[in-house]
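[1] Structure here, sequence nowhere to be found:
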């Protein structure tokens, strides 16, 4: 299929914006290096710290977030492993056959993927890709617009402000790096705040209608080469007699089930005694680790899925120490206090969550990772919220909402979708642009009218 399928055919604003983004916005590693240099000179010019002292601050902070980095890696890997399990894949094939019309297909697909994004963004992302590919195959000949499926898969990201978001989970986890500033904030006060839940519900229900309305009158289906690529060939049977004893142990479910069921018992006890509102980052990761292990059934199958998932976390592994170094320069030099004063000067307690929403969305173009960016922003936006008397819980929610909203306008997190569907960012950007505008409207009403 042509990468331009579904485009308007001429260089409109959206196409030019996409071209510019792909041509001029470098890899995220470049941004963390540029930000490191920028923050260094800001600390040098605005604080009393000397040039060598700021380097000391940088190195001092470099390794303080290793736990958080590992938690983010496990979050991504376990979400992938659950979505990659045989049982989930089997059900996705069945779901793909249910819709009878293109409208039903795009509406139900967008609704389901959006909900899964909210439950766990890693699961939502991977299920969205796999179900989308199955949908394209199952609905062949029914005029399902191919580009719209890929765009709907990625569009669910704006509904992901749920239990798996880094900022909310981090401040709910004992020992987090800003605990001395804000303490422990349970998810009941952030993720499960009624206003945020209502906002997410509005987006979850309305976005499928928007995609339905955006379906073109002359749809372009996937061509035959795409269909063949998406049609999974059955795996050849394994000759069990030829396996060595070690290979049989690798494929034995016995110990996986013993350990997995013990873990599942603990998870059930946690939710029964403490409830979902007391979820933290470690508990969420453990829950999906156990579920993923049980769904795969054997050590060999589980580790093969983990191996594939590990390719998605290399950026987190190497970039988080650099973001921690930026955190060190901001926190230990006194730059955080200066930044906080700037925000206080332009804000009121009522407007501060909205300002954080806008600021977070803008900074997301340059640091496209909610966890990494929170490391940079938290040292000054949270003290500023306290200094103003603003609701810190709403500020954290606004931070994540802004981050998710502008993901639709830059290609960093879209790359796995684009690779899976063999498209370019400009193909899905027109849909993302409309969803982004709608999300800005809904979020603005929420943070200016209710969450302050």
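    Good, I have the coordinates. Every value quoted in this text rests on a predicted model; they were computed, and no experiment measured them.
[2] From here on, just use CA atoms for contacts and neighbour counts.
    Noted.
[3] Quick check: pLDDT value at residue 80.
    If you check residue 80, the pLDDT there is 84.
[4] May I have the residues that are in contact with the residue nearest to the spatial centre of the chain?
    The residue lying closest to the centre of the chain (C-alpha atoms, centre = their mean) is residue 121, at 5.0 Å. Neighbouring residues of residue 121 by C-alpha atoms under 8 Å, 6 or more residues apart in numbering: 79, 157, 160, 164-165.
[5] same thing but at 10 Å, please
    Contacts for residue 121 (C-alpha atoms under 10 Å, 6 or more residues apart in numbering) come out as 75-76, 79-80, 113-115, 127, 156-157, 159-165.
[6] cool, residue 371 as well?
    Applying C-alpha under 10 Å, 6+ apart, the residues contacting residue 371 are 68-69, 72, 165-168, 170, 316, 320, 323, 400, 403.
[7] Out of those residues, flag the one nearest to residue 295.
    Checking the contacts of residue 371 against residue 295 by C-alpha to C-alpha gives residue 72 as the nearest, at 21.4 Å.
[8] what ranges do the helices span in the stretch 201-350 of the chain?
    Remark: helices assigned in the stretch 201-350 of the chain by DSSP state H, counting those that start in this stretch are 224-230, 245-250, 254-274, 281-296, 299-310, 314-333, 335-345.
[9] what's next to the longest one, contact-wise?
    Contact with helix 254-274 is made by 249-250, 275-279, 283-284, 286-299, 302, as judged by C-alpha under 10 Å, 6+ apart.
[10] The contacts of residue 371 in strands, which ones?
    Assignment to strands by DSSP state E places none of the contacts of residue 371 there.
[11] which of the residues you listed are buried?
    The neighbour count (16 or more other C-alpha atoms under 10 Å) marks 68-69, 72, 165-168, 170, 316, 320, 323, 400, 403 as buried among the contacts of residue 371.
[12] and the least confident of these?
    residue 316 (74).
[13] residue contacts, it?
    Applying C-alpha under 10 Å, 6+ apart, the residues near residue 316 are 69-70, 72-73, 76, 323, 369, 371-372.
[14] how far away is it from residue 310?
    Residue 316 is 11 Å from residue 310, where distance means C-alpha to C-alpha, to the nearest Å.
[15] Now list whatever residues contact both of the two.
    With C-alpha under 10 Å, 6+ apart, residue 316 and residue 310 have common neighbours 73, 76.
[16] low pLDDT regions in the stretch 101-250 of the chain?
    233-234 (pLDDT under 70).
[17] can you do 80?
    Where the stretch 101-250 of the chain drops to pLDDT under 80, the residues are 229-241.
[18] list the buried ones in the longest helix seen in the chain?
    Ranked by residue count under DSSP state H, the longest helix found in the chain is helix 425-449. Within helix 425-449, the residues that count as buried by 16+ other C-alpha under 10 Å are 425-436, 438-440, 443-444, 446-447.
[19] repeat for stretch 162-181
    In stretch 162-181, counting by 16+ other C-alpha under 10 Å, buried: 162-173, 176-178.
[20] What's the end-to-end length of that stretch?
    End-to-end distance (C-alpha to C-alpha), stretch 162-181: 23 Å.
[21] Go ahead and confirm residue 36 touches residue 323.
    Yes - taking contacts as C-alpha atoms under 10 Å, residue 36 lies within contact range of residue 323: 7.9 Å.
[22] Need phi/psi at residue 391.
    phi -80, psi 110 (degrees, to the nearest 10).
[23] how much space between it and residue 139?
    In terms of C-alpha to C-alpha, residue 391 sits 48 Å off from residue 139.
[24] Compare those two (neighbour count), which wins?
    residue 139 (20 against 17; other C-alpha atoms under 10 Å).
[25] Find me whatever residue is spatially closest to that one, sequence neighbours aside.
    residue 97 (7.1 Å; C-alpha to C-alpha, 6 or more residues apart in numbering).
[26] ok, the one you found - contacts?
    Counting by C-alpha under 10 Å, 6+ apart, residue 97 has contacts 105, 134-135, 137-139.
[27] In helices only, show me those.
    105, 134-135, 137-138.
[28] Show me which of these are buried.
    In the ones in helices among the contacts of residue 97, the ones that pass as buried (16+ other C-alpha under 10 Å) are 105, 134-135, 137-138.
[29] and which of these is nearest residue 359?
    Of those, the one sitting nearest to residue 359 (C-alpha to C-alpha) turns out to be residue 105, at 35.8 Å.
[30] Surely residue 230 and residue 130 touch.
    Yes - counting by C-alpha under 10 Å, residue 230 does reach residue 130; the two are 9.2 Å apart.
[31] of the two, who's got more company?
    residue 130 (21 against 18).
[32] Surely residue 118 is in contact with residue 196?
    No - assessed by C-alpha under 10 Å, residue 118 is found out of contact with residue 196, at 11.7 Å.
[33] Residue 41 in helix, strand or coil?
    Put simply, residue 41 is helix when judged by DSSP: H, G, I helix; E, B strand; the rest coil.
[34] gap between it and residue 73?
    Residue 41 is 31 Å from residue 73, by C-alpha to C-alpha.
[35] Looking at the two, which is more packed in?
    When residue 41 and residue 73 are compared on other C-alpha under 10 Å, the one with more neighbours turns out to be residue 73, at 20 against 14.
[36] ok, that one - contacts?
    Here residue 73 is in contact with 67, 285, 309-310, 312-317 (C-alpha under 10 Å, 6+ apart).
[37] at 7 Å what do you get?
    For residue 73, the contacting residues are 313, 316, by C-alpha atoms under 7 Å, 6 or more residues apart in numbering.
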